[in-house]
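*Asks:* need the 3D shape of this:
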Amino acid sequence: MRAPNAKSIMRRMTLAATFAAFASLGMPSDAQAASITGKWKGSGTVSLKSGGKETVRCSVTYGRAGGKTFSVNARCASGAGRVDQTGVLKRVTNTKYVGTVKNMQYSVVAKVTVNVNGTKQNVKISSSKGTARLQLARR
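*Replies:* Prediction:
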């Protein structure tokens, strides 16, 4: 078996570097991803399936659970009272997180989508009882 020449080694290195560059394009790194960890606060509207609408104020805390998974604890209040939710979100793109939260007071599980844009985020929540849209800002 003969040793590879310098031209052959250079070609292999170029191919390896090109492959590595293309392989990394679709994978968001932690440095590129919008940070969700921390405390956020804001307000929005809850639309109930029964037809009612309410304005709510919310305080939300996200913690890193591991990898691309984050815990969420939220407390929201309106004129009708206060509710607490807990759940888990997964980062699916650099700026988008999806998951579920559960409200123990009303035994409701809801789907959550969070889109982060710098220090602001838009949150959509939907369950069998209704939907909510929130705008939150980092505290």
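
*Asks:* okay, CA-based contacts and neighbour counts for the rest of this
*Replies:* OK.

*Asks:* got any ranges where this structure has weak pLDDT?
*Replies:* For the chain, applying pLDDT under 70 flags the ranges 1-33.

*Asks:* hey, what's Leu136 bridged with?
*Replies:* Gly42, Gln121 (DSSP bridges).

*Asks:* what number of residues lie near it?
*Replies:* 23 (other Cα atoms under 10 Å).

*Asks:* now Ala110
*Replies:* 21.

*Asks:* mind jotting down where the strands sit in this structure?
*Replies:* 38-48, 53-66, 69-78, 81-91, 96-103, 108-117, 120-127, 130-138 (DSSP state E).

*Asks:* mind listing what Thr119 touches?
*Replies:* 137-138 (Cα atoms under 8 Å, 6 or more residues apart in numbering).

*Asks:* what about it, distance to Arg57?
*Replies:* Distance, Thr119 to Arg57, using Cα to Cα, to the nearest Å: 17 Å.

*Asks:* before we move on, what about Lys41?
*Replies:* 8 Å.

*Asks:* next one: Arg138
*Replies:* 14 Å.

*Asks:* hey, what's in contact with both of these two?
*Replies:* By Cα under 8 Å, 6+ apart, the residues touching both Arg138 and Arg57 are Lys41.

*Asks:* which residue, other than its chain neighbours, is closest to the residue sitting nearest the centre point of the chain?
*Replies:* With distances taken as Cα atoms, centre = their mean, Tyr97 lies nearest the centre of the chain, 2.1 Å away. Residue nearest to Tyr97 in three dimensions, not counting chain neighbours: Arg91, with 4.3 Å by Cα to Cα, 6 or more residues apart in numbering.
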